[in-house]
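Q: Next comes the sequence, and after it the predicted model I'd like to discuss.
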Amino acid sequence: MLLSQAHSFRQQARLAITLAWVAGYTNILTVLVCGTVTSHVTGTVSQWGLDLVQGKWSLLWLASFLLVTFVVGAVLSGVCIETGKRRMWKSIYVLPMAIQSVLLATFATILMQIDLEQRTSGVMLYVLSGLASIAMGLQNATITTISGGVVRTTHMTGVFTDIGTELVHFLYWITDTVTQKSPREAQVESLFKNRTARRIALLVSVAGSFALGAGLGALAFGQYPAQSMIPPVTF
C-alpha cells in the first residue's frame, strides 16, 4: 500500500481506513491527556482567535505552537516523499509513516513515565501535544499525497462534506438507472462498479474508523491510562 505506484482505489481505501482509526485514537488521547485536539486545526484556529481577544496569553501560545507543529508535520512528510522521488525509492511513503510511528512511540513512552499533573501543564504539555500534532500533520499530508487530495484521515469536515456532494450524484445515478429499466442483475452489477457508490462507501468507512478509534482510545485511557497509547503504536 505504501509503494510509489500504489494508487489504485482499493489500495487507497485500505490505507485510509486503517489509518483513520489511528488519528481518531490519537486525537481523543490528546484531548483526555492534554485537554486539546491535535488531529485537525479548525478548533485550534478558533481557540487562537478567542484566546487573543480574551488576552489568555498562555493558551494563545499553546494554540500557536500546535498550529506550527501541525505544519511542521506536513512539511516533514513533503520532504520525505520528495526525497524518495528524487532518489527513486520504490516505497516512498514508508519513511513518513515510520517517522509517525517513532513520534507516537515517543508519546506513548513519555505517557508511561509521568504523572497526570505533569501531562496537563508545563513543558510536558507542549512535548506531548507537539508530538501528536506533528504526527497528525505528517499523516494527513502523506495520505493526501497518496490519494491525490481525494482522501483525508485526520479530520472529518471534508469527509462529511464529500459524502453530501457524492450522495447527490448517487441519487441522480439511481434515478437514471431506474428510468432506463435495465435488468435488476445489471443494476446490481453496475452498483458495485459505480465510482460514486464506491467513494461513498470509502468516506463512510473512514468516518466510522475515526469514530471507532476515538471510542477505543477513550476506553483504553479509562482502563489503563499510562499504557493507553500502545495499541496505535503497535499497529
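A: Noted; the coordinates are in hand.
Q: After the strand or helix carrying residue 78, heading C-terminal, what element do we hit next?
A: Using DSSP states H and E, residue 78 maps to helix 57-86. Downstream of helix 57-86, the first helix or strand assigned by DSSP H and E is helix 94-113.
Q: Contacts only, for the spatially most central residue of the chain.
A: Nearest to the mean C-alpha position of the chain, by CA atoms, centre = their mean, lies residue 154 at 2.1 Å. Applying CB atoms under 8 Å, 6 or more residues apart in numbering to residue 154 gives the contacts 20, 23, 27, 39-40, 136, 139-140. The way it works is simple: take the backbone N, C-alpha and C, and place the C-beta from them, glycine included.
Q: re the thing from before, show me what counts as buried in the helix holding residue 78.
A: Within helix 57-86, the residues scored as buried using 16 or more other CB atoms under 10 Å are 59-60, 62-63, 65-67, 69-70, 73-74, 76-77, 80-81, 84.
Q: Check stretch 21-37 too.
A: So for stretch 21-37, counting by 16+ other CB under 10 Å, buried means 21-34, 36-37.
Q: Tally up the residues packed near residue 146, please.
A: 24 (other CB atoms under 10 Å).
Q: Would you point out the most distant pair within the buried residues of helix 57-86?
A: Taking every pair in those and measuring CB to CB, the maximum separation is 38.0 Å, between 59 and 84.
Q: Could you list the residues in contact with stretch 32-51?
A: Contacts of stretch 32-51 (CB under 8 Å, 6+ apart): 23-24, 26-27, 30-31, 56-57, 59-60, 62-64, 66-67, 70, 111, 119-120, 125, 128-129, 132-133, 136, 140, 154-155, 157, 217-218, 221.
Q: go on, stretch 217-228?
A: By CB under 8 Å, 6+ apart, the residues outside stretch 217-228 that reach it are 24-29, 32-33, 108, 111-112, 116, 231.
Q: So among the residues you listed, where is pLDDT lowest?
A: Lowest in pLDDT among those is residue 116, which has 64.
Q: low-confidence ranges in the chain?
A: 1-8, 116-121, 149-150, 178, 180-192 (pLDDT under 70).
Q: how about a cut-off of 80?
A: Along the chain, the parts satisfying pLDDT under 80 run over 1-12, 90, 114-122, 147-152, 154, 176-194.
Q: buried stuff in the helix or strand containing residue 167?
A: Using DSSP H and E, residue 167 sits in helix 157-180. Across helix 157-180, burial judged by 16+ other CB under 10 Å covers 159, 162-163, 166, 170, 173.
Q: could I get the residues you listed as CSV with distance to residue 205?
A: Below are the buried residues of helix 157-180 laid out as CSV (distance: CB to CB, whole Å):
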residue, distance to residue 205
159, 10
162, 13
163, 11
166, 13
170, 15
173, 20
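Q: Relative to residue 148, which of these is nearest.
A: residue 162 (13.6 Å).
Q: Show the contacting residues for that closest one.
A: Neighbouring residues of residue 162 by CB under 8 Å, 6+ apart: 199, 203.
Q: Over to the one 4 residues further on?
A: Neighbour list for residue 166: 196, 199-200, 203 [criterion: CB under 8 Å, 6+ apart].
Q: Could you find the closest non-adjacent residue to it?
A: residue 200 (5.0 Å; CB to CB, 6 or more residues apart in numbering).
Q: Report how many residues lie close to that neighbour.
A: Burial of residue 200 is recorded as 17 neighbouring residues (other CB under 10 Å).
Q: ditto for residue 42
A: 10.
Q: any idea how far the nearest residue to residue 231 once chain neighbours are set aside is from residue 34?
A: Distances taken as CB to CB, 6+ apart put residue 220 closest to residue 231, at 6.5 Å, once the chain neighbours are dropped. Using CB to CB, to the nearest Å, residue 220 is found at 16 Å from residue 34.
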